[in-house]
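J.: how would this look folded up:
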Amino acid sequence: MSTRIALVTGANRGLGLEFVRRLLARGDRVLAACRHPGKAGDLNLLAGRHPGRLHVLPLDVADETSRNAFIGELALVLDDDSRIDLLVNNAGVLHSGERWGQVRETALDDSFQTNAIGPFLLTQSLASRIADHGRVAFLSSVMGSIGTRREFRSPSYCASKAALDMLAMQVAHALAPRGIAVAVLHPGWAQTDMGGAGADVTAADSVAGLLRQIDAADASLPLQLRDWRGETIAW
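T.: Presented below is the predicted three-dimensional model:
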């Protein structure tokens, strides 16, 4: 069986870096995208340990020029007939400390561009490169669940993740005829730079669970928001 190819965005730290580690461990060839590859020390160390199997590429998902350049870079890394078996849209941003009356337009704009619009447009641009019966994962959040919100908190992040959920649903319908399964996943409160050291699940446990959910995704079934353990969350 040929080696699977996986692409992970926001791969320089946290959950993205853990995805890269686990995908390499299971034998995949990995394309790791991040904004500043030159500063991605852990990624570059992994690339040195896995020559030819890990390629670190520059990508700012929120920037159209960067996305277009990234598509061009892929042509230099992948053969014309190579296809991506798994796309993990992991890159995201959280503007912390937002207060009612002080929410900034720039924070809303950056959140929507990074967390929702960018992943959607990147997936659209990569669609011809994704293998039939492949998989696309979107890292969402329970904080994007309208049905479970009970307080004013991080509106830029919450709203952008809710938008991501809808755009992921659109992607699922667009790619279903090719048997491509889409997964929309909440990683739990994970111990990352974003989640903090006091979070209740390690990055390793979260990603292990997320990969199980991705592998179980089925294009013929209705799309649901699930957490890393497989539990369904209200939209």
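J.: Next, count neighbours for residue 232.
T.: Residues near residue 232, counting by other C-beta atoms under 10 Å, number 9. Just so you know, the C-beta spots here come from the backbone N, C-alpha and C atoms, and that holds for glycine as well.
J.: Just give the nearest non-adjacent residue to it, would you?
T.: For residue 232, the nearest residue in space outside its immediate sequence neighbours is residue 224; the separation is 5.2 Å by C-beta to C-beta, 6 or more residues apart in numbering.
J.: what separates the one you found from residue 92, distance-wise?
T.: Applying C-beta to C-beta, to the nearest Å, one obtains 20 Å for the distance of residue 224 from residue 92.
J.: Could you check which of these two is surrounded by more residues?
T.: Between residue 224 and residue 92, counted using other C-beta under 10 Å, residue 92 has the larger neighbour count: 26 against 15.
J.: check contacts around residue 155.
T.: Applying C-beta atoms under 8 Å, 6 or more residues apart in numbering, one finds that residue 155 lies in contact with 98, 103, 108.
J.: mind running it again at 10 Å?
T.: When contacts are counted by C-beta atoms under 10 Å, 6 or more residues apart in numbering, residue 155 is found next to 95, 98-100, 103, 107-108, 111, 143, 149.
J.: Most neighbours among those residues, which one is it?
T.: Result: residue 111 is most packed of those (other C-beta under 10 Å), 26 neighbours.
J.: which stretch of helix or strand covers that one?
T.: helix 105-112 (DSSP states H and E).
J.: Which elements pack onto that helix?
T.: Using 3 or more C-beta pairs under 10 Å, 6 or more residues apart in numbering; DSSP states H and E as the contact criterion, the secondary-structure elements in contact with helix 105-112 are helix 155-175.
J.: which SS class is the residue in the chain sticking out farthest from the centre?
T.: Here the chain has its C-alpha centre computed as a mean, and the residue farthest from that point, by C-alpha atoms, centre = their mean, is residue 101 with 30.8 Å. When states are read from DSSP: H, G, I helix; E, B strand; the rest coil, the local structure at residue 101 comes out as coil.
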